[in-house]
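> predicted model and sequence below, questions to follow.
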Amino acid sequence: MVTGKWKAGAIAGWLVLFMLVMPVMISAENDSLVYHGNTKSKIFHRPGCRYYNCSSCSAVFHGRQKAIDAGYRPCRVCKP
Ligand SMILES: [Zn+2]
């Protein structure tokens, strides 16, 4: 059956799409964002903050808690 194969292919395609999209959606909600920490002021920023890519923000944290564990404190502007 040609139609049956096409349906199976379409479902597989949707599954692949879901598997690609879902982690992105979950990470947007969860705490798996990449934060940048200012190595001089020991303040960390979330993506989108105007200080996110500052010259001293060379520390990278995969999660808010990791930044806090490293001794950084949240920025007052972006409130990560
Ligand atoms: Zn900030």
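Structure's in. What do you need? Numbers count the residues shown, from 1 in each chain.
> a helix runs through Q65, doesn't it?
Yes - using DSSP: H, G, I helix; E, B strand; the rest coil, the assignment for Q65 is a helix.
> that one - how many residues pack around it?
11 (other C-beta atoms under 10 Å). Backbone N, C-alpha and C define where each C-beta goes, glycine included.
> can you show me the strands along the protein?
34-38, 43-45, 59-62, 73-74 (DSSP state E).
> format the ones you listed as CSV; extra columns: mean neighbour count and distance to G13.
As requested, the strands of the chain are exported to CSV (neighbours: other C-beta atoms under 10 Å; distance: least, C-beta to C-beta, whole Å):
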stretch, mean neighbour count, distance to G13
strand 34-38, 21, 30
strand 43-45, 25, 38
strand 59-62, 15, 30
strand 73-74, 14, 41
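> those: which one's closest to the ion?
In terms of C-beta to the ion, the element of the strands of the chain nearest to the ion is strand 43-45, at 3.3 Å.
> residues contacting the most centrally placed residue in the chain?
Here the mean C-alpha position of the chain is nearest to the C-alpha of L33 (C-alpha atoms, centre = their mean), at a distance of 3.0 Å. L33 is in contact with S27, R46, P47, G63, R64, P80, counting by C-beta atoms under 8 Å, 6 or more residues apart in numbering.
> any idea how far it lies from C75?
Distance of L33 to C75, computed by C-beta to C-beta, to the nearest Å: 13 Å.
> and the gap between L33 and R73?
Taken as C-beta to C-beta, the span from L33 to R73 is 17 Å.
> ugh, wrong one, I meant N38
If you measure N38 against R73 using C-beta to C-beta, the figure is 10 Å.
> state the mean pLDDT of stretch 67-74.
Stretch 67-74 shows a mean pLDDT of 97.
> outside of that stretch, which residues touch it?
For stretch 67-74, contacts defined as C-beta under 8 Å, 6+ apart pick out Y35, G37, N38, K42, I43, F44, A59, F61, R64, P80.
> hmm, try it at 10 Å
Outside stretch 67-74, the residues that touch it by C-beta atoms under 10 Å, 6 or more residues apart in numbering are 35-39, 41-46, 59-61, 63-64, 66, 80.
> give me the subset of those residues touching the ion.
Contacts with the ion within the contacts of stretch 67-74, as defined by C-beta under 5 Å from the ion: H45.
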